[in-house]
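> one predicted model, sequence on top.
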Amino acid sequence: MSVFGPGRRRGRLGAGRLGAGRLGAGLLAGGLGLVLSACSLHPFVPATTLQSGAGSGSTTAAVKPALGVDLLASRKLSVSTIEHQDETILRDVKDQLHASRVGLVWYLYSPGDRSDVVEQGPRSATPQSLLLLGREAESLGLSVSLRPIIEVEPCTTKGSVQTCGWEGRLDPPNPSTFFSNLLETEQPYLAVAGELSAVSFVVETEMNALGSRTADWTSFFEKASLLAPGVALEGTASVSTYFTWHGTPAVLVPNASYANFGLDFYPISGPVTTRQFSYVPALTTRRLPPDIATGQLASLMEGVLRLAPGPRLRRTTIDETGIGAARAALDNPADWVDQEAEKTDPQVQATWISAVCEAVLAEHLRGVYFFNIDLDNNPPYWPHSNVTFMGRPRSEAAFRGCAALFAKA
């Protein structure tokens, strides 16, 4: 994993691939011309307006939370991989975890914090491959969301972990050029979302430094909505900017009336709360025991979520959360670099999954996606590492418990 900024370290672990499968390659060969031609002329109908922020008197009907899993395309996807290995992963998500949604996550690239460039890179999944993967997911009854992540150069590799910069520090010298490039790069992926009838498209993740550019974001959302008619657009805030914390107001990407909010949920606890991550909302300043009860951990999470006003929570999906099956992981759940080297403790991960679901239900959020299953992973050899939840009986049981809990909502 990598240091990506306040409270979150994310990266990629290498793994093998499998061979050919049953689906044809015609979709990849044919491109997306038909998709793109259908996406530029449709009017966009805003969803119900609901103002966010403290003191808002607006309300919205509670929805049954959705249980999702982030599927990370850590490199380009081949037809054979999608048809064989990734189809197996999709079936396991449905049959073993009882999830109802998958978030397709892939990398875009920027050459530096002070660059106007956003583009596909050597490891970026192509729009055509995500369309094929999304159609396979939908054929199994899974709903699909799409969420690009921007990796910022320079990147370094240590062992099996690649480390890149954090998109939260992107501060381009010419913001209008940056937003134009971002829209151009995301355009074919937005077209895929429309073709798939995706439940959402997350246009940005944790772009903290750009959160105050209201006019640019409003224009971006308006233009993006025309490229994916009927698809809900989101901007995902980091845990350090979504909440009002220590008197610092929330810094949210302006989503206007037609978009919901996303949240990367990695609250911290223990010693790190008074060191480098003091600006991240904390579950508690005490070190939590690895055998903490699910209900106790859920209650602490609910306390953090309540730092945001109820109307905002009801428009929010946790687009990313997770933790390693490691003993001290509760100190800083997003620090998967350290968790990879720690003593394995499967119960820590299982308890986190269950507690997040209880908190989502209690605070009326729209749903949650757990990060992640790497589409480069080989299912017969799960689990690959401490940060993998597939192949861990306790974690898989926790997912099924989440599904049952949400079904009763």
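Thanks, I have the structure now.
> can you tell me the helix or strand for residue 312?
helix 310-313 (DSSP states H and E).
> quick check: residue 208 touching residue 235?
No: when contacts are counted by C-beta atoms under 8 Å, residue 208 is not listed as touching residue 235 (11.2 Å). C-beta here means a position set from N, CA and C on the backbone, and glycine is covered the same way.
> so the two - more neighbours on which side?
Each of residue 208 and residue 235 has its neighbours counted (other C-beta atoms under 10 Å); residue 235 has more, 24 against 20.
> wait, a strand at that one?
Yes: checked against DSSP: H, G, I helix; E, B strand; the rest coil, residue 235 lies within a strand.
> any idea how far the closest residue in space to residue 269 that isn't next to it in sequence lies from residue 239?
In space, and not counting its chain neighbours, residue 269 is closest to residue 283: 4.3 Å by C-beta to C-beta, 6 or more residues apart in numbering. Counting by C-beta to C-beta, to the nearest Å, the gap from residue 283 to residue 239 is 11 Å.
> with residue 224 instead?
24 Å.
> neighbour count: those two, which is higher?
For residue 224 versus residue 239, neighbours defined as other C-beta under 10 Å are more numerous around residue 239 (27 against 21).
> thinking the more buried one is in contact with residue 277, fair?
No: Residue 239 is not in contact with residue 277 according to C-beta under 8 Å; the separation is 9.6 Å.
> all strands for the protein, in order.
For the chain, strands defined by DSSP state E occupy the ranges 12-13, 66-73, 101-110, 143-158, 161-165, 200-205, 232-237, 259-264, 268-269, 282-284, 316-321, 367-374.
> include distance to residue 294 when you put those into a markdown table, please.
Below are the strands of the chain laid out as a markdown table (distance: least, C-beta to C-beta, whole Å):
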| stretch | distance to residue 294 |
| --- | --- |
| strand 12-13 | 27 |
| strand 66-73 | 16 |
| strand 101-110 | 22 |
| strand 143-158 | 26 |
| strand 161-165 | 30 |
| strand 200-205 | 28 |
| strand 232-237 | 26 |
| strand 259-264 | 21 |
| strand 268-269 | 15 |
| strand 282-284 | 13 |
| strand 316-321 | 15 |
| strand 367-374 | 15 |
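> reformat these as CSV; add distance to residue 343 and mean pLDDT.
Output for the strands of the chain, formatted as CSV (distance: least, C-beta to C-beta, whole Å; pLDDT from 0 to 100):
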stretch, distance to residue 343, mean pLDDT
strand 12-13, 18, 38
strand 66-73, 25, 98
strand 101-110, 28, 97
strand 143-158, 21, 91
strand 161-165, 19, 76
strand 200-205, 31, 96
strand 232-237, 32, 94
strand 259-264, 26, 92
strand 268-269, 18, 94
strand 282-284, 21, 95
strand 316-321, 22, 98
strand 367-374, 22, 97
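> residues near the residue nearest to residue 269, how many?
Neighbours around residue 283, by other C-beta under 10 Å: 23.
> let's have the chain start at 702 instead
Taking 702 as the first residue, the last one we looked at is residue 984.
> that one touches residue 1003, doesn't it?
No: between residue 984 and residue 1003 there is no contact under C-beta under 8 Å: 10.2 Å.
> burial count for the residue lying closest to residue 858 once chain neighbours are set aside?
With sequence-adjacent residues excluded and distances taken as C-beta to C-beta, 6+ apart, residue 858 is closest to residue 864, at 7.3 Å. Residue 864 is flanked by 19 other residues according to other C-beta under 10 Å.
> ok, what's across the strand from residue 864?
Here residue 864 shows beta-bridge partners residue 857, assigned using DSSP bridges.
> so what's residue 870 up against?
For residue 870, the contacting residues are 706, 814, 853, 909, 910, by C-beta atoms under 8 Å, 6 or more residues apart in numbering.
> next one: the spatially closest residue to residue 828 that is not a sequence neighbour from residue 1030, what distance?
Among residues not flanking residue 828 along the chain, residue 889 sits closest, at 4.1 Å (C-beta to C-beta, 6+ apart). Going from residue 889 to residue 1030 by C-beta to C-beta gives 37 Å.
> neighbour count for the two, which is higher?
The neighbour count for residue 889 versus residue 1030, taken as other C-beta under 10 Å, is higher for residue 1030 (25 against 20).
> now do the same contact list for that one.
Contacts for residue 1030 were tallied using C-beta under 8 Å, 6+ apart; they are 991, 1024, 1036, 1040, 1043, 1046, 1049, 1050, 1053.
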